[in-house]
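Engineer: Here's a sequence, model it:
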Amino acid sequence: MFPTRILLAADGSKETPSAVRAAVELASGTGSEVHVVHVVSTVPELPYPRFAAKERSEAFLEWRRLKGLEFLDDQVRRIREDLGGGIAASYFREGRPEKELLRLGKEIDAGLIMMGGRRRTRLERVFGANVTEKVLRRADRPVLVVDDRGCRGSAVPR
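Structural biologist: Below is the predicted model:
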């Protein structure tokens, strides 16, 4: 039996449109609900965040929140109007993206997490795992990764 709830992570990467299309197609073919989430990372991006002005970092985070909400609204509109898909719910979260995705997956009892991703170069892998890899490693439910060419793989939980 196919999962009744799909959690679609929309992060704004170039793979997001492919993941959105794949989720809508999968949901329409299986009768699953689509739940869309966008997570604004609150992880400091500066190597030495304590040296950044507090006001500047708070203003930047507020700007990212506003842009994130706009992006989520745009994705929901696109799914409903352009792709003719239905959305059961949309969520806006802040924090570490991989943790928030996994937490929300449990909260809504998602049977599948779908997200965009791409193959990384060896050099990129040296600098650590990205959000997609962290979700794949830590998920307690199936994860389907979609790149700009379509579905490329999945992981079944341990």
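
Engineer: Lys106 is in what secondary structure piece?
Structural biologist: Assigned by DSSP states H and E, Lys106 falls within helix 97-107.

Engineer: I'd like the average pLDDT over that helix.
Structural biologist: The average of the pLDDT scores along helix 97-107 is 97.

Engineer: same thing with stretch 115-134?
Structural biologist: 71.

Engineer: can you give me the helices in this protein?
Structural biologist: Applying DSSP state H to the chain gives helices spanning 16-30, 54-77, 97-107, 122-126, 131-138.

Engineer: What helices and strands are in contact with the longest one?
Structural biologist: Contacting helix 54-77 under the criterion 3 or more Cβ pairs under 8 Å, 6 or more residues apart in numbering; DSSP states H and E are the following elements: strand 33-41, strand 89-95. For glycine as for every other residue, the C-beta is placed from the backbone atoms N, C-alpha and C.

Engineer: deepest of those, which one?
Structural biologist: When you average the neighbours per residue for each of the helices and strands packed on helix 54-77 (mean count of other Cβ atoms under 10 Å), strand 33-41 leads with a mean of 22.

Engineer: Return the angle between stretch directions for that one and strand 89-95.
Structural biologist: 20 degrees (axes from the mean of the first three to the mean of the last three Cα atoms, to 10 degrees).

Engineer: Can I get strand 33-41 in PDB, CA atoms only?
Structural biologist: Coordinates of each C-alpha in strand 33-41 appear next as PDB, following Å, rounded to 0.1, in the frame of the first residue of the first chain:
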ATOM      1  CA  GLU A  33      -2.200  13.900   0.500                       C
ATOM      2  CA  VAL A  34       0.600  16.400  -0.200                       C
ATOM      3  CA  HIS A  35       1.900  18.400   2.700                       C
ATOM      4  CA  VAL A  36       4.400  21.200   1.800                       C
ATOM      5  CA  VAL A  37       7.100  22.500   4.100                       C
ATOM      6  CA  HIS A  38       9.700  25.300   3.800                       C
ATOM      7  CA  VAL A  39      12.400  25.600   6.500                       C
ATOM      8  CA  VAL A  40      14.300  28.700   7.100                       C
ATOM      9  CA  SER A  41      17.700  27.700   8.500                       C
END
